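J.: here is my input; please provide its structure:
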Amino acid sequence: MSSSTNLSPLPSVRRVLTGHTVDGKATFIVDETITPRLFAPDINQNTVHEVYRTETVPASIDSEMTTGSFVDEAKTNHSLTSPKGSTFRSFDLEPGSITPFHRTVTLDYAIVTKGSIVLELDDGKRTTLNEGDVMCQRGTIHKWINESNEWTRIYFVMLGAKPITVNGKELGNEGF
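T.: From the prediction side, this is the model:
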């Protein structure tokens, strides 16, 4: 995973984060355009915008008050998931791109905000998600295929989950 200028023609993602002053007043602590990075440059030109991340749930949301400055876990940790926390990011998938089959031990909420994307499961079943569609991914092995001629943007919120056990075997992270 490496840094990059935005290879996607879609607009960069702007993130606005709120927090508190030391006397408890609401304030804006971040208002910026996120610099995207290539997600898997050896596979494709898909980019990711890291929006927000926590390492625990319930999340600690007072770092600007307790440490004197905001701790931005999205900028310091780019691992795919946060096993006991949450990850919020967007992916831009280029036309014709196919991700490898993969599984994360997470509960993922996804919203397609631009374009369309095919979700394929390991049994070969497929469905197409279009702009405005939502999906809940519950730790299944899958891949994404952009069969269109347009870039697709999907936002994900990934929550750490308990692993699924099938016939005594734990289904852990796979792929990537």
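J.: can we go C-alpha only for contacts and neighbour counts from here?
T.: Will do.
J.: next one: residue 121 from residue 128, what distance?
T.: 12 Å (Cα to Cα, to the nearest Å).
J.: brain fart, residue 142
T.: Distance from residue 142 to residue 128, by Cα to Cα: 13 Å.
J.: what touches both of those two?
T.: Residues touching both residue 142 and residue 128 by Cα atoms under 8 Å, 6 or more residues apart in numbering: residue 119.
J.: looking at those two, which one has more neighbours?
T.: residue 142 (22 against 14; other Cα atoms under 10 Å).
J.: so the more buried one bridges to which residues?
T.: residue 102, residue 121 (DSSP bridges).
J.: which residues touch residue 151?
T.: 8-10, 92-95, 114-115.
J.: look at the closest residue to it other than its chain neighbours and report its pLDDT.
T.: Leaving aside its sequence neighbours, residue 151 sits nearest to residue 94 (Cα to Cα, 6 or more residues apart in numbering; 4.8 Å). Residue 94 is assigned a pLDDT of 94 by the prediction.
J.: list the residues that contact residue 106.
T.: 81, 83, 137-139, 158-162.
J.: export these as a markdown table, with columns for neighbour count.
T.: Below are the contacts of residue 106 laid out as a markdown table (neighbours: other Cα atoms under 10 Å):
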| residue | neighbour count |
| --- | --- |
| 81 | 22 |
| 83 | 19 |
| 137 | 18 |
| 138 | 17 |
| 139 | 21 |
| 158 | 26 |
| 159 | 24 |
| 160 | 21 |
| 161 | 18 |
| 162 | 14 |
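J.: widest-spaced pair of those residues?
T.: 83 and 137 (15.1 Å; Cα to Cα).
J.: residues contacting the most far-flung residue of the chain relative to its centre?
T.: Distance from the centre of the chain peaks at residue 23, with 33.0 Å (Cα atoms, centre = their mean). The contact partners of residue 23, taken as Cα under 8 Å, 6+ apart, number zero.
J.: center of the protein - which residue?
T.: In the chain, the centroid-proximal residue (Cα atoms, centre = their mean) is residue 89; its distance is 3.4 Å.
J.: what's downstream of whichever strand or helix holds that residue, the next helix or strand?
T.: Residue 89 is part of strand 86-93 when elements are defined by DSSP states H and E. Toward the C-terminal end, the helix or strand that comes next after strand 86-93 (DSSP H and E) is strand 106-114.
J.: ok so, going back, just checking, the residue nearest to the centre of the chain touches residue 159?
T.: No - judged on Cα atoms under 8 Å, residue 89 makes no contact with residue 159 at a distance of 11.8 Å.
J.: contact partners of stretch 40-53?
T.: 1-2, 6-8, 12-13, 15, 34-39, 72-75, 78, 82, 85-94, 97, 99.
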